[in-house]
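Visitor: I would like to see how this sequence folds:
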Amino acid sequence: MDKYNVGIEHEPSIGSSSWVVEMEKTIGVIDPAVEMARWKRHSIYLVPERIKNLHNSKAYRPELVSLGPFHHGEPDLLPMEEHKRRAVVHLVKRSRKPLRQFVAAVAEVTQQLQDAYKDLGDEWRGPDNSERFVQLMVTDGCFLLEAMRMDALQGKVHEDYAPNDPVFSQYGYLYLWLYIQSDMLVMENQLPLLLLHRLLLVLDHERYQNAREISKLVLDSLCPWRRHMVDTNPQGLHPLDILHQSLTHDDHQDRKGSKAYVMPPAMEIHEAGIIFKVSDTDNLLDVHFKHGVLSMPAVRVDQGTEKRFLNLMAFERLHPAAGNDVTAYVIFMDNMISSAKDVALLRSKMIIESGLGSDEEVAKLLNNTLNKGGVMSPSSRLHDVQRQVNAHCMKSWNRWRANFIQTYLRNPWVFISLVATVILLVATLLQTFYTVAPFYKPMS
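Guide: Next up is the predicted model:
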């Protein structure tokens, strides 16, 4: 009994500890709406090492220019700082507005811009550092606007810059723009769209009152290869989010079933009689199976595909509201591609447009690189597409057809032997017929 009495005697001291008091206060004021608003503020994240270790870690950092605070001041990116400041000078001079007007427009939303960066360092926060943060935002924002203008004019900006300018010229457009464009897609290198909106309102208030104009400006710079341009959410978060929206728009239906399915590779699907068709849109979710036809969007695979998709997938993993659509598409393509033959087939059907050296490289990228750590949401509609394709392939006639093709038609020598055997069989039957037929011919 003494040991129980000891526990009872100590219970009040445990119950009155500072931790318990603090937690009870938190429990009393917890509000889901407040929590939702708290997490909604963040949209730009540092990619954790657990994700970087799965892939090429260089894909998650800028190569030429830092945008925003996370990579500011890194030694290999410092050479572009001079050109950022020059961009501010040229943009402000061309606008014929005072610099302080641009600074004031950004300073009004300092807190919102700071909140966009999850885990923003103390060196950018507080009354003493807010001015430094605003300077960074104005400088980087003006540089990005000037870079996108250079892209839109294909480097023909000689009216504002010297023809031999090392960045803002046809030379810079030819040799540097692809690096800037690539750095615009790095998760840790994002600038809030709110920043660009504030700067553009000062630059041209009438033109950029509609936030959709800003989204279109960004999308034109990021996706010159798109076949179809779409309207994105006017409240886009940053360039990477705008690209994400453009690739996954207008289709967020939940699946009908609950079981997970793994789809056969493209060659087996083709041998089972399924026809591949290019979808009418660039939407990664525009994947449908109907009446033996599998419709899929055309996708370009080039040197920038790995970096682009890894950062889109990182955004989905770190930002709960981003969903799982890009990752689901990558897993879907991983299921469909197991070898270079699958890539060659999809390339012949215009579903894959390859800018890499070989089909083997494309297969390695889609089958071994992008899929690491990825998972398809149980609610993804692509599960239903895989189920439908599986059901088609499992039908007796389609299985027989696939087995016949795999056994006799893949190897040309086996096919030649089959043809020779058929010809020999037909010749034997004809010989037998003409040998036996006279015995049954009626006498004249």
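Visitor: From here on, just use CA atoms for contacts and neighbour counts.
Guide: Fine.
Visitor: and the closest residue to Glu316 other than its chain neighbours, how many residues sit next to it?
Guide: Distances taken as CA to CA, 6 or more residues apart in numbering put Ala322 closest to Glu316, at 5.0 Å, once the chain neighbours are dropped. By other CA atoms under 10 Å, the residues close to Ala322 number 17.
Visitor: can you check Val29 too?
Guide: Val29: 9 neighbours (other CA under 10 Å).
Visitor: Can you give me the separation between it and Trp19?
Guide: 16 Å (CA to CA, to the nearest Å).
Visitor: Any stretches of the protein with poor pLDDT?
Guide: Along the chain, the parts satisfying pLDDT under 70 run over 1-16, 31-40, 224-235, 250-259, 396-420, 427, 430-431, 433-434, 437, 439-444.
Visitor: ranges for the strands of it?
Guide: 275-278, 288-290, 293-296, 299-301, 352-354 (DSSP state E).
Visitor: The residue nearest to Glu316 and Lys372: what is the separation?
Guide: Per CA to CA, Ala322 is found 19 Å from Lys372.
Visitor: Now find how far off-centre stretch 117-134 is within its chain.
Guide: The chain centre lies 29 Å from the centre of stretch 117-134; the measure is CA atoms, centre = their mean, to the nearest Å.
Visitor: For it, give me every contacting residue.
Guide: His42, Ser43, Ile44, Tyr45, Leu46, Pro69, Phe70, Val103, Val106, Ala107, Thr110, Gln114 (CA atoms under 8 Å, 6 or more residues apart in numbering).
Visitor: Kindly recompute the last result at 7 Å.
Guide: His42, Ser43, Ile44, Tyr45, Val106, Ala107, Thr110 (CA atoms under 7 Å, 6 or more residues apart in numbering).
Visitor: Name the nearest of the residues you listed relative to Gln190.
Guide: Proximity of the contacts of stretch 117-134 to Gln190, judged by CA to CA, is greatest for Ile44, which lies at 6.5 Å.
Visitor: related to what we said a few turns ago, can you name the two of the contacts of stretch 117-134 that sit furthest apart?
Guide: Longest span within those, CA to CA: Tyr45 and Ala107, 21.9 Å.
Visitor: before we move on, back to that, which one of the contacts of stretch 117-134 sits closest to Asp204?
Guide: Val106 (15.1 Å).
Visitor: That closest one and Leu113, how far apart?
Guide: Distance, Val106 to Leu113, by CA to CA: 9 Å.
Visitor: Neighbour count: these two, which is higher?
Guide: The neighbour comparison of Val106 against Leu113 (other CA under 10 Å) goes to Val106, with 24 against 21.
Visitor: wait, that one sits on Leu196?
Guide: No - using CA atoms under 7 Å, Val106 makes no contact with Leu196, being 9.2 Å away.
Visitor: neighbouring contacts of stretch 277-289?
Guide: The contact list for stretch 277-289 (CA under 7 Å, 6+ apart) reads 227-228, 247-249, 251, 293-298, 329, 350-351, 385, 388.
Visitor: quick one on the thing from earlier: want to throw the strands of the chain into JSON lines with mean neighbour count and distance to Leu425?
Guide: Putting these into JSON lines (neighbours: other CA atoms under 10 Å; distance: least, CA to CA, whole Å) gives the following:
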{"stretch": "strand 275-278", "mean neighbour count": "18", "distance to Leu425": "33"}
{"stretch": "strand 288-290", "mean neighbour count": "17", "distance to Leu425": "40"}
{"stretch": "strand 293-296", "mean neighbour count": "19", "distance to Leu425": "36"}
{"stretch": "strand 299-301", "mean neighbour count": "18", "distance to Leu425": "47"}
{"stretch": "strand 352-354", "mean neighbour count": "19", "distance to Leu425": "43"}
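Visitor: between those strands, which one is nearest to Ala87?
Guide: strand 299-301 (32.1 Å).
Visitor: How far off centre is the closest one?
Guide: Using CA atoms, centre = their mean, the offset of strand 299-301 from its chain centre is 12 Å.
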